[in-house]
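Enquirer: Structure here, sequence nowhere to be found:
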Ligand code: FES
Ligand code: FES
């Protein structure tokens with residue numbers, strides 16, 4: 001079947017099969033390598049993208065669910081000012097070690113920061129609760145995010 005969707009601001013058409021996952025359509029069909037293949041069971045957050053602005057784990061979302069929707073990957077936020085600040089802060093704070101979890105973390109926290117309101121350390125930890133990181137112990141990513149938040153406020 002053919003579906004149409006908006007991917008990173010552009011209309012695209014995909015030829016998919018009913019069992020295809022959004023993860024594979026993005027990585028293999030579109031070359032969106034920021035969408036990482038991790039646990040493949042919805043637990044690690046490394047395959048996270050935005051579906052109509054909400055973070056979703058693409059390994060557990062059928063590709064057909066993207067039909068008529070807006071999908072944003074990290075590639076689509078490359079020129080976004082807030083995302084650039086987050087990326088710089090992650091690098092400056094030593095929040096990127098192996099980096100495998102980083103795209104998913106960035107997507108999750110970008111979505112949270114765009115909801116507005118206040119942001120405490122607990123809020124950051126809650127926003128990242130679906131993103132598993134085996135390297136950093138979360139302290140550096142949390143520090144990097146709070147620095148961006150403090151500069152923004
Ligand atoms: S690969 Fe999708 S949540 Fe882990
Ligand atoms: S930096 Fe390695 S898994 Fe998070």
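Expert: Cool, got the structure. Bear in mind the structure is a predicted one, so any value in this text is a computation, not a measurement. Ligands and ions are numbered 1, 2, ... in the order given.
Enquirer: so what's the residue nearest to the spatial centre of the chain scoring on pLDDT?
Expert: With distances taken as CA atoms, centre = their mean, residue 107 lies nearest the centre of the chain, 2.9 Å away. Here the pLDDT value assigned to residue 107 is 98.
Enquirer: Quick check: residue 138 touching residue 125?
Expert: Yes: taking contact to mean CB atoms under 8 Å, the distance of 6.9 Å between residue 138 and residue 125 places them in contact. (C-beta placed from N, C-alpha, C; glycine too.)
Enquirer: Mind checking which of these two has more residues around it?
Expert: Residue environment comparison for residue 138 versus residue 125 gives the larger neighbour count to residue 138, 18 against 13, counting by other CB atoms under 10 Å.
Enquirer: In terms of pLDDT, where does that one sit?
Expert: According to the per-residue confidence, residue 138 scores 97 in pLDDT.
Enquirer: cool, and the one 4 residues further on?
Expert: The pLDDT attached to residue 142 in the predicted structure is 98.
Enquirer: and it, how many neighbours?
Expert: Summarising burial for residue 142: neighbours were counted as other CB under 10 Å, giving 20.
Enquirer: Noted, bye for now.
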